[in-house]
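# please find the sequence and the predicted model below.
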Amino acid sequence: MGQSATTKGSCCESRHAGDLGLRVEEAREKIRAGVRRVEGVERLYVREARGRVLAEDVTSPINVPGDDNSAMDGYALRGADLPADGRRTFRVVGRTLAGETFPDRVGEGECVRIMTGAPVPAGADTVVMQENIVEEGADAVSVGAGEEPGQHVRPAGGDIAAGEVVLPRGTRIGVPEVGVLGSLGRVEVAVYRRPKVAFFSTGDELKGAGETVGPGEIYDSNRYTLHAALERLGVDACDMGVVTDTPEALTAAFRAAGSFADAIITSGGVSVGEADHVKEVLAAEGDVGFWRVALRPGRPVAFGRVGEAVFFGLPGNPVSAACTFLQLVEPALRYMMGESDPRPPHLFEARCLSPLSKGRGRTEYQRGILGVGEDGRPEVRSTGHQGSGILTSMVRADCFIVLEHDRGSVEPGETVSVQPFAGVF
């Protein structure tokens, strides 16, 4: 059972005697309510802004494209001149390329050779693709019936209209957003400052890379996992190392982190062991939120506040730490960074090929490997043993198989929800 305490802040203590803790959805709601957005703003060059969150609406000063332009290589002409049947011959009066402007007006029975992206000449409103014309000499082509007025022309402002809010405040800037900003001619953009996130591991048995491991000791993998996850997210991460499992050491670490950080993340020390002092120190130094969430792996996960910083206490088992970070902490940090409505990765359905054991009353995130069946439907199989200490299961996997709170075990052939590890951008 989680330790009972009275909160001093906006978090509410979870009292769930006899059950497994808060539902995942409830935990996310409580975390969101307890997280404050950062307020500092800075200006960055667009090429340096990927991964940051816009602190302003980006309004287009121009139309994109700036002119009606051709979507095809072909011939620009007046749609009113297209034949209803048979063929009609047009006189070729010139040519135009992307970046050029044809100087004259296209008249009745005339056409202009045009390349993709070139502005449509004045008087013309239609492009016939070059595959659909027949050359009738050096300066004439014929067009058959079946073409449509206005076809193959991209209108000015068809992508972005001048004055339009293209990217609203709260948008995380990814690869497509950088491209859009470039298309508007933007050099700089206003973004929210990066939150400062302090993180450390707890445990007398933990050693850092390069140190000698003795009997009963292990290398600390969680700080490496967290550092990589925080770096990918784009926060200002501060690794505070390994803190020994004593109230004095933990108190000093919490006070140091609380003096500068917007968020504090620990791994280990939040279970019910006699040497797990994180909960008691947090209760003395800050506000206690909840200690347990009904999910697997990662039920002993804590949330609270230390000074002005929010606190996330992750389990010590490596897979549990990674899972709870992805499902609970990352969306909260993205909200802190200024994102409008951050959510965990989208789910989709797949046919399960493996039998999956699962107890009701908790949400489970089992590791899976995606594929495509002979019928073209997505399918997923388990990586095998799902122990929370088997970090290599995260390496072999490319998705979570998400088994809902009230669902029981799964038989092969049943449909399950799948959450991919990675996206396109």
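It's in. Numbers count the residues shown, from 1 in each chain.
# setting aside sequence neighbours, what's the nearest residue to the residue nearest the centre of the chain?
Taking Cα atoms, centre = their mean, the centroid of the chain lies closest to residue 345, which sits 6.8 Å from it. Distances taken as Cβ to Cβ, 6 or more residues apart in numbering put residue 419 closest to residue 345, at 5.2 Å, once the chain neighbours are dropped. Every residue, glycine included, has its C-beta placed from N, CA and C.
# quickly list what the one you found is bridged to.
Beta-bridge pairing for residue 419 (DSSP bridges): residue 400.
# what's the neighbour count on it?
Residue 419 has 17 neighbouring residues, counting by other Cβ atoms under 10 Å.
# quick one: it from residue 96, how far?
According to Cβ to Cβ, to the nearest Å, residue 419 stands 50 Å off from residue 96.
# secondary structure class for residue 26?
helix (DSSP: H, G, I helix; E, B strand; the rest coil).
# how many neighbouring residues does it have?
16.
# same check on residue 239?
15.
# do the same with the one 10 residues further on
Counted by other Cβ under 10 Å, the residues lying close to residue 249 total 16.
# make sure it is indeed in a helix.
Yes: under three-state DSSP, residue 249 falls within a helix.
# I'd say it and residue 243 touch.
Yes: contact criterion Cβ atoms under 8 Å: residue 249 and residue 243 qualify, at 5.2 Å.
# ranges for the helices of the stretch 51-200 of the chain?
Assigned by DSSP state H, counting those that start in this stretch, the helices in the stretch 51-200 of the chain fall at 175-183.
# could you find the closest non-adjacent residue to residue 257?
residue 198 (3.8 Å).
# okay, now that neighbour: neighbour count?
25.
# my guess is it meets residue 240, correct?
Yes: counting by Cβ under 8 Å, residue 198 does reach residue 240; the two are 5.6 Å apart.
# overlap in contacts, the two.
Contact criterion Cβ atoms under 8 Å, 6 or more residues apart in numbering; residues shared by residue 198 and residue 240: 256, 257.
# list the contacts for the residue nearest to residue 257?
238, 240, 256, 257, 260, 261, 263, 264, 265, 309.
# looking at those residues, spot the one nearest residue 335.
residue 263 (10.9 Å; Cβ to Cβ).
# got the phi and psi for that closest one?
phi -150, psi 150 (degrees, to the nearest 10).
# my guess is it contacts residue 307, does it?
No: using Cβ under 8 Å as the test, residue 263 is too far from residue 307 to be in contact (11.4 Å).
# please list only the buried members of the contacts of residue 198.
Neighbour-count burial (16 or more other Cβ atoms under 10 Å) applied to those gives 238, 240, 256, 257, 261, 263, 264, 265, 309.
# hmm, back to that, surely the residue nearest to residue 345 is in contact with residue 343?
No: at 11.1 Å, residue 419 and residue 343 do not qualify as touching, with contact defined as Cβ under 8 Å.
# shaky segments in this structure?
Scanning the chain for pLDDT under 70 picks out the ranges 1-19, 270-276, 423-425.
# please name the residues that touch the residue in it sticking out farthest from the centre.
Within the chain, the residue lying farthest from the chain centre (Cα atoms, centre = their mean) is residue 137, at 56.1 Å. Applying Cβ under 8 Å, 6+ apart to residue 137 gives no contacts.
# just the strands in the stretch 301-425 of the chain please.
Using DSSP state E, counting those that start in this stretch, the strands of the stretch 301-425 of the chain run over 302-306, 309-314, 348-352, 363-372, 378-382, 399-403, 415-420.
# so for residue 182, which of those strands sits nearest?
Proximity to residue 182 (Cβ to Cβ) singles out strand 415-420 among the strands of the stretch 301-425 of the chain, at 28.0 Å.
# helix or strand right after the helix or strand in which residue 252 is found?
Using DSSP states H and E, residue 252 sits within helix 247-258. Next helix or strand after helix 247-258 toward the C-terminus (DSSP H and E): strand 263-267.
# restricting to C-alpha, output that next one in PDB.
Extracted in PDB, the C-alpha atoms of strand 263-267 (Å, rounded to 0.1, in the frame of the first residue of the first chain):
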ATOM      1  CA  ALA A 263      10.800  19.000 -12.600                       C
ATOM      2  CA  ILE A 264      12.600  16.300 -10.600                       C
ATOM      3  CA  ILE A 265      12.700  12.700 -11.700                       C
ATOM      4  CA  THR A 266      14.000   9.800  -9.500                       C
ATOM      5  CA  SER A 267      14.200   6.100 -10.200                       C
END
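# strand partners of that strand, parallel vs antiparallel please.
When pairs are called by DSSP bridges, strand 263-267 turns out to pair with strand 196-202 (parallel), strand 309-314 (parallel).
# deepest-packed of the ones you listed, please.
Of the strands paired with strand 263-267, the one with the most neighbours on average (mean count of other Cβ atoms under 10 Å) is strand 309-314, at a mean of 26.
# what sits against the nearest residue to residue 357 once chain neighbours are set aside?
Excluding the flanking residues, the one nearest residue 357 by Cβ to Cβ, 6+ apart is residue 409, at 5.2 Å. Residue 409 sits next to 355, 356, 357, 358 when contact means Cβ under 8 Å, 6+ apart.
# backbone dihedrals for residue 409, please?
phi -70, psi 160.
# could you dump the strands of the stretch 301-425 of the chain to TSV with distance to residue 192?
Shown next, in TSV, are the strands of the stretch 301-425 of the chain (distance: least, Cβ to Cβ, whole Å):
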stretch	distance to residue 192
strand 302-306	20
strand 309-314	16
strand 348-352	31
strand 363-372	29
strand 378-382	36
strand 399-403	29
strand 415-420	27
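# please name whichever of these is nearest to residue 88.
The closest of the strands of the stretch 301-425 of the chain to residue 88 is strand 363-372. By Cβ to Cβ, the value is 49.1 Å.
# tell me the secondary structure at residue 284.
Three-state call for residue 284 (three-state DSSP): helix.
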